[in-house]
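Peer 1: Need coordinates for the following:
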Amino acid sequence: MALGTAFGLQLGSTPDRFVVGLAVLTLLCEVAEEQPLICVVDDAQWLDQASAQTLEFVARTLAAEPVGLVFAVRETDEEPKLAGLPELQVRGLATGDAAALLESAVPGSLDSRVRDRIRLRSTASLVSLLEQGFVTQLSSLPPPSRQFLLVAAAEPVGDVPLLRRAAQRLGIGPDAATTAEAAGLIEFHDRVRFRHPLVRSALYRSATAAERREVHLALADATDPGLDPDRRAWHRSCAAVGPDEGIAAELERSAERSVALGGLAAAAAFLEAAAALTPDPARRARRSLDAGQANATAGAFGTALSLLADAEAGPLDEAGRARIDLLRAQISYNSSHGNQALAMLLAAARRLEPLDPNLARGTYLDALSAALFAGRLASGPGMPEAAQAARSAPPVQAPDKADLLLEGMAVLYTDGYAASASLLRRAVQAFGREDLTLDEAFRSAWLAAVAAVDLWDDVHWDVLSQRHLDVVRKAGALSLLPLALASRAIFDIHSGDLAAAGSLVAESQWVAEVTGGENTLAPIPEAWLAALRGHEQRAERLIHDTLHAATALGQGVTLTMMYSARAVLCNGLGRYEDALAAAREAAADPLELGPAKWALAELSCTVNGCAGVAAASMPGLSYERPTRSSPRWGPRRSRIARGASSPPPARRSTDARCGRRKS
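Peer 2: Numbering: from 1, shown residues only. As a prediction, this is how the structure comes out:
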């Protein structure tokens, strides 16, 4: 169904990129059940970004399947795709080898001067030679046929009826299409297909700017504004000679529709084009800022920063400049989750207070999230300062669930757990009652799920972590997806569904690869998986490497997570002294949410284990060291009953997980 929707063969909502990737992987593996399969993707440099990302995911996920993917990529001036996959560079032959190959293919003797001319000609760029060959072939066609082919090259979807309508507007008769098809350059089926991708690029690149604008204008006029306003707006933008507010406004509306359909990358492209076509400097600066926001959320941090520089050069008001500060801070936070973002977010929140109190409060929530990540490694202000600043923010008359969450988190770090528990419970329950809006998913859903963890509310932890992931996936917010994936994977780990957690870890790694970002979050659940499975060497290596990376970035919460995972690993292996040291490190700051309290359960296991070792040394007593088959291993260590629909029953005894009494 996902592939059918992606190819337009059936109706349906926009399929998730990860689901499309899994569908392609499944299709290839089913074909390979009959016999091993080699899938060759020629001229991969011409793939669109979404297709390249999907195929890259498949290539990295094949593992032991009898399927091989081979991508043939030519060097072009465009941004490289599929970077990071194993490469075999095919270079030109040396002079002697080239001469030997030529002589082996030509019967009889070959004049050395002729041989050298052929060999020297082959050193030119193959792409350039092929394109030039197609241009030469095109030059022999009648002008109407060449123009018809240019219209087809300018319409990437290959919509045959649209192509014919545009041709009619240009006065191109049906014979032009027949001649072009007879030349073997183009085919007409359900879609327009070129003989080779280089035919399209040769056509478009060899045309003059005026010729391109003419065919784009014809395509725009031939597109129904009611049925396909976005494609019409895009063609109008390509046909524009200079700034045009009408077209820019159309592109802005197209961006709004793209966000609603989960196409953040498309929205970013529409907004970027809108900004370029805006004649008014102030409005152009605002649209550049909006385009920067969309690109940042879509994971294109470099483009976002460039657009922010454009916006900053324009005549922005104080609110606009405060938004630039906020967006730079958010890019810093989402790109690495390091400790540098906290001070930037606090400064942005203070600047926004007199300008936009609601946005300021949302920014304080961002700051609290950043403070949680910084934890013990905060440089400059930490969680106490962030909480105090949040409490001093201007109040609102009708607080929503995000305001309740902000208040509860701030009280927790200023007045303590007891004072904050009821506030946080109200906030978590409010988030659980209603579906998440896009803004809530982007800014507060993760923090609400974390608050549920600290309240030992496993039901809401389940609901909120899954909702967060669902909304972020549907929106295509690649910058936020690694956090949502890692958070949900940690839930699956603690619920005992290690297979689901492993799938989310793989998806998180893919997201980091296709966006070019640092994979700072996926190693956290990956290390926990290895620890729970008792994979000692792999777990120790992951924990060691992640501790070093987290220290360099300033991710204090990751240190807590890794020490807690190491305590789990060492307890399972019977290495109780090592487990005790790791658990003490993890529980060093009891105010840290979640992981610090999980470590207390490992302290209990460590104490019991050490007592068992001592008892085993006494005459007349026996003690059995835990093994991989003992209940201490694997999913049986989970703290949540998988599939539970209600919280665990109340207990009056001390809960070993957190060392406090539960009522």
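Peer 1: What is the burial count for the residue lying closest to Pro36 once chain neighbours are set aside?
Peer 2: Counting by C-beta to C-beta, 6 or more residues apart in numbering, Pro66 is the residue found nearest to Pro36 once chain neighbours are left out, at 4.1 Å. Backbone N, C-alpha and C define where each C-beta goes, glycine included. Pro66: 15 surrounding residues under other C-beta atoms under 10 Å.
Peer 1: these two touch, right, Pro66 and Val31?
Peer 2: No. Using C-beta atoms under 8 Å, Pro66 is not in contact with Val31, being 10.0 Å away.
Peer 1: rewinding a little: what sits against the residue nearest to Pro36?
Peer 2: Residues near Pro66 by C-beta atoms under 8 Å, 6 or more residues apart in numbering: Ala32, Gln35, Pro36, Leu37.
Peer 1: taking those one by one, which sit in strands?
Peer 2: Applying DSSP state E to these, the entries found in strands are Leu37.
Peer 1: Just the buried ones from the contacts of Pro66, in PyMOL syntax?
Peer 2: Buried members of the contacts of Pro66, defined by 16 or more other C-beta atoms under 10 Å, are picked up in PyMOL with:
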select buried, resi 32+37
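Peer 1: Mind checking what secondary structure Ser379 has?
Peer 2: Secondary structure, DSSP: H, G, I helix; E, B strand; the rest coil: Ser379 is coil.
Peer 1: same for the helix or strand in which Val505 is found, what does it pack against?
Peer 2: Assigned by DSSP states H and E, Val505 belongs to helix 498-515. Packing partners of helix 498-515 (3 or more C-beta pairs under 8 Å, 6 or more residues apart in numbering; DSSP states H and E): helix 17-32, helix 49-61, helix 481-495, helix 523-532.
Peer 1: and for Pro66 and Val31, which residues touch both?
Peer 2: Shared contacts of Pro66 and Val31, defined by C-beta under 8 Å, 6+ apart, are found at Leu37.
Peer 1: pLDDT averaged over stretch 587-596 - what is it?
Peer 2: Mean per-residue pLDDT for stretch 587-596: 75.
Peer 1: ok, and what's touching it?
Peer 2: Residues outside stretch 587-596 that contact it (C-beta under 8 Å, 6+ apart): 372, 375-376, 383, 412-413, 417, 450-451, 453-454, 556-557, 560-561, 564, 586, 597, 599-600, 603.
Peer 1: for Asp356, phi and psi?
Peer 2: Here is the backbone geometry of Asp356 (degrees, to the nearest 10): phi -150, psi 90.
Peer 1: By mean pLDDT, which helix or strand of the chain comes out lowest?
Peer 2: Lowest by mean pLDDT, DSSP states H and E among the helices and strands of the chain is helix 112-121, with a mean of 54.
Peer 1: middle-most residue in the protein, spatially?
Peer 2: Leu478 (2.6 Å; C-alpha atoms, centre = their mean).
Peer 1: before we move on, the earlier item: now restrict the contacts of stretch 587-596 to buried residues only.
Peer 2: Of the contacts of stretch 587-596, these count as buried by 16+ other C-beta under 10 Å: 372, 375-376, 383, 412-413, 450-451, 453-454, 556-557, 560-561, 564, 586, 597, 599-600, 603.
Peer 1: now the strands for the stretch 501-650 of the chain?
Peer 2: Using DSSP state E, counting those that start in this stretch, the stretch 501-650 of the chain contains no strands.
Peer 1: Tell me which stretches of it form helices.
Peer 2: Remark: helices assigned in the stretch 501-650 of the chain by DSSP state H, counting those that start in this stretch are 523-532, 536-553, 556-573, 576-586, 595-616.
Peer 1: With distance to Arg193 added, can I get those in CSV?
Peer 2: Converted to CSV, those look like this (distance: least, C-beta to C-beta, whole Å):
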stretch, distance to Arg193
helix 523-532, 43
helix 536-553, 47
helix 556-573, 49
helix 576-586, 59
helix 595-616, 54
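Peer 1: Surely Arg533 and Leu498 touch.
Peer 2: Yes. The criterion here is C-beta under 8 Å, and Arg533 meets it with Leu498 at 7.1 Å.
Peer 1: burial count for Leu88?
Peer 2: Neighbourhood size, Leu88 [other C-beta under 10 Å]: 5.
Peer 1: right, and the secondary structure at it would be what?
Peer 2: Strictly by three-state DSSP, Leu88 counts as coil.
Peer 1: Distance of it relative to Ile543?
Peer 2: 35 Å (C-beta to C-beta, to the nearest Å).
Peer 1: Val73 too?
Peer 2: On the measure of C-beta to C-beta, Val73 and Ile543 end up 37 Å apart.
Peer 1: between these two, which one's more packed in?
Peer 2: Higher neighbour count among Val73 and Ile543: Ile543, with 23 against 19, using other C-beta under 10 Å.
Peer 1: residue ranges with poor pLDDT in the stretch 101-250 of the chain?
Peer 2: For the stretch 101-250 of the chain, the stretches flagged by pLDDT under 70 are 102-103, 105-131.
Peer 1: residue boundaries of the strands in it?
Peer 2: In the stretch 101-250 of the chain, the segments counted as strands under DSSP E, counting those that start in this stretch are 186-188, 192-194.
Peer 1: can you list those strands in a markdown table and add mean neighbour count and distance to Gly173?
Peer 2: Shown next, in a markdown table, are the strands of the stretch 101-250 of the chain (neighbours: other C-beta atoms under 10 Å; distance: least, C-beta to C-beta, whole Å):
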| stretch | mean neighbour count | distance to Gly173 |
| --- | --- | --- |
| strand 186-188 | 17 | 15 |
| strand 192-194 | 18 | 18 |
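Peer 1: Roughly how far does the closest residue in space to Ala249 that isn't next to it in sequence sit from Leu55?
Peer 2: Spatial nearest neighbour of Ala249, chain neighbours left out: Ala274 (7.6 Å); criterion: C-beta to C-beta, 6+ apart. Using C-beta to C-beta, we find Ala274 at a distance of 31 Å from Leu55.
Peer 1: and what of Asp458?
Peer 2: Note on Asp458: its distance to Leu55, by C-beta to C-beta, is 38 Å.
Peer 1: what comes into contact with the one helix or strand Val453 maps to?
Peer 2: Element membership of Val453, judged by DSSP H and E, is helix 445-454. Contact with helix 445-454 is made by 365, 368-369, 372, 401, 405, 408-409, 412, 424, 427-428, 431, 436, 458, 460-461, 464-465, 467-468, 471, 483-484, 487, 593-594, 597, as judged by C-beta under 8 Å, 6+ apart.
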